[in-house]
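Student: Output the structure for:
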Amino acid sequence: MTRDPDAGDPREGHRERLREKFRRAGLDGFLAHEALELALTWAIPRRDVKDAARRLAARFGGVHGALAAREEDLLGIEGLGPGSALYLRFLGELLGYALREKTAPRRRVDSPGAVVEFLRFSLGGSREENFQVLFLNARNELLAMELLQTGTVDHASVYPRRVIERALAHNAVSLILVHNHPSGHPEPSPQDIALTRRIAEAAQAVDMQVHDHLIVTRDGHSSLRELGLIRLPPASRAVAAGDDAGPP
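Tutor: From the prediction side, this is the model:
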């Protein structure tokens, strides 16, 4: 019988048992370091990767953090080289690509939960504060999503005029603001609340509405609308709640 060339070192039956476990039930029952170890078996086919996988899980808090990590941070893990770091980045980008398909242009955005999964992955693990805007049409369909500002770990400078300029360029009628908190705490700061109100006022001046401001972290999110920190005019409340009738 010819040995599978992808099976790795024949002396290491452990990785083949991991693969067989995956064949039977997918990743159900896998611990985070086991899932990462399985991924690394394809990136590093001739060396034991168990210890590297454990270091990855410990350093980045699990699979999500490892796949959202930067290459330079991955290279700081003992046992990983340029090829395996690039492979993990690829897996993270591939997952992000798949999630973006779920929020493709013209997809209806009915609630924070409709986009928060993608947003948490794309922004939640970042070590810098980033500010994105989702631009919506009158039917609450996504026209575009843009990263408008990348800041430091403490602050992102966002100018309401720039947000409105991009909204007009997309012919948007409403916006959802999004940014991440690298600290891991999704609670809005006084600066977040003040910025939201400034952008909402600028949007109202050109007959647009800010439906929400979502703050995402690796493990959670908060919605300023759900917290009662964004007050929508009566005509817009049905839209923000996902009413099929749309705005009048």
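Student: where do the helices sit along the protein?
Tutor: 13-25, 32-43, 50-60, 63-68, 71-74, 82-102, 113-123, 160-169, 190-204, 234-240 (DSSP state H).
Student: Point out the most buried one among these.
Tutor: Compared across the helices of the chain, helix 63-68 shows the largest average neighbour count, a mean of 22 (mean count of other C-beta atoms under 10 Å). No exception for glycine: its C-beta is placed from N, CA and C like everyone else's.
Student: Please save the CA atoms from it in CSV.
Tutor: Below are the C-alpha coordinates for helix 63-68, written out as CSV (Å, rounded to 0.1, in the frame of the first residue of the first chain):
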residue,chain,number,x,y,z
VAL,A,63,-7.9,29.9,17.2
HIS,A,64,-9.5,33.3,16.5
GLY,A,65,-6.6,35.3,17.9
ALA,A,66,-4.0,33.2,16.1
LEU,A,67,-5.7,33.5,12.7
ALA,A,68,-6.2,37.3,13.2
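Student: distance between it and the chain's centre?
Tutor: 11 Å (C-alpha atoms, centre = their mean, to the nearest Å).
Student: Remind me what that helix packs against, helices and strands.
Tutor: helix 32-43, helix 50-60, helix 82-102 (3 or more C-beta pairs under 8 Å, 6 or more residues apart in numbering; DSSP states H and E).
Student: wait, which of these is closest to residue 185?
Tutor: helix 50-60 (18.0 Å; C-beta to C-beta).
Student: how far off helix 32-43 does that closest one point, in degrees?
Tutor: Going by axes from the mean of the first three to the mean of the last three C-alpha atoms, to 10 degrees, helix 50-60 is angled at 120 degrees with respect to helix 32-43.
Student: Show residues contacting helix 50-60.
Tutor: 14, 31-34, 36-37, 40, 44, 63, 65-66, 68-69, 73-74, 76-80, 84, 88, 125 (C-beta atoms under 8 Å, 6 or more residues apart in numbering).
Student: In JSON lines, list the helices and strands packed on helix 63-68 along with mean pLDDT.
Tutor: Formatted as JSON lines, the helices and strands packed on helix 63-68 follow (pLDDT from 0 to 100):
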{"stretch": "helix 32-43", "mean pLDDT": "93"}
{"stretch": "helix 50-60", "mean pLDDT": "93"}
{"stretch": "helix 82-102", "mean pLDDT": "82"}
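Student: Residue 204: which of the ones you listed is closest?
Tutor: Of the helices and strands packed on helix 63-68, nearest to residue 204 by C-beta to C-beta is helix 82-102, at 29.7 Å.
Student: elements contacting that closest one?
Tutor: For helix 82-102, the packing partners by 3+ C-beta pairs under 8 Å, 6+ apart come out as helix 32-43, helix 63-68, helix 71-74, helix 113-123.
Student: Point out the one among these that comes closest to residue 178.
Tutor: helix 113-123 (5.5 Å).
Student: Let's have the helices and strands packed on helix 63-68 in TSV, adding distance to residue 177.
Tutor: Output for those, formatted as TSV (distance: least, C-beta to C-beta, whole Å):
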stretch	distance to residue 177
helix 32-43	32
helix 50-60	27
helix 82-102	18
